[in-house]
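Participant: Predicted model and sequence below, questions to follow.
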Amino acid sequence: MSAFENLFLTLTRKCDMTCRHCYIEGSPQETDEISTEHLFSIIDQVAELHLDNLRIDGGEALLHPSIFDVIEYAHAKNLSPSISTNGMQINEKILKKIAGKIRKLIFSVDGATAESHNWLRAHSSSFDRVVNGQLN
């Protein structure tokens, strides 16, 4: 048994939003990403530790160029990661690619109203996309 139960794995600082509260200062121009090989090495270590929860995030994890390879690799190692997302990249194609390979998809909601959420996210349609399931 591992002393750890959870691991948060930040793949990239690249993000399609510029949220006012972002602790990693993600942006669309960001290029700071972990290589696929390094991510596979981390996943190997996580599998050996038998962690209960591998949570993949970013910036926007779905913008990492190898996100689907990372999910596939984790799945092959009998891990079911959770993916944190702002929801802006979600579409039917992505949902089909990750179906059955992740534990859960976690959407960020940062306000009780569209006005407060959209202000924090600095994006006028973010609330509707996340809360009302409006796929891109």
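Facilitator: Now that the structure is in, tell me what you want to look at.

Participant: quick one: low-confidence parts of this structure?
Facilitator: 1-3, 133-136 (pLDDT under 70).

Participant: what sits up against the longest helix seen in it?
Facilitator: Assignment by DSSP state H gives helix 36-49 as the longest helix of the chain. Residues from elsewhere that reach helix 36-49 (Cβ atoms under 8 Å, 6 or more residues apart in numbering): 2, 4, 7, 9, 11, 34, 54, 65-66, 69-70, 73-74, 77-79. Quick note: C-beta positions are derived from backbone N, CA and C, even for glycine.

Participant: Looking at those residues, which is nearest residue 115?
Facilitator: Residue 115 lies nearest to residue 11 out of the contacts of helix 36-49, by Cβ to Cβ, at 30.6 Å.

Participant: who's in contact with that closest one?
Facilitator: 33, 34, 39, 56, 57, 58, 59, 61, 64, 67, 70 are the contacts of residue 11 under Cβ under 8 Å, 6+ apart.

Participant: One more pass at 10 Å, please.
Facilitator: Taking Cβ atoms under 10 Å, 6 or more residues apart in numbering as the criterion, residue 11 is in contact with 33-34, 36, 39, 42, 56-67, 70, 83.

Participant: again, but for residue 16
Facilitator: Taking Cβ under 10 Å, 6+ apart, one finds 26, 27, 28, 59, 60, 62, 63, 86, 88, 89, 123 in contact with residue 16.

Participant: From residue 113, how far off is the second one?
Facilitator: In other words, residue 27. 25 Å (Cβ to Cβ, to the nearest Å).

Participant: between the two, which one's more packed in?
Facilitator: Between residue 27 and residue 113, residue 27 has the larger neighbour count (other Cβ atoms under 10 Å), namely 16 against 10.

Participant: Now that one: closest residue in space that isn't a chain neighbour?
Facilitator: residue 18 (5.7 Å; Cβ to Cβ, 6 or more residues apart in numbering).

Participant: check contacts around the one you found.
Facilitator: Counting by Cβ under 10 Å, 6+ apart, residue 18 has contacts 25, 26, 27, 28, 29, 121, 122, 123.

Participant: Is it in a helix, a strand, or coil?
Facilitator: coil (DSSP: H, G, I helix; E, B strand; the rest coil).
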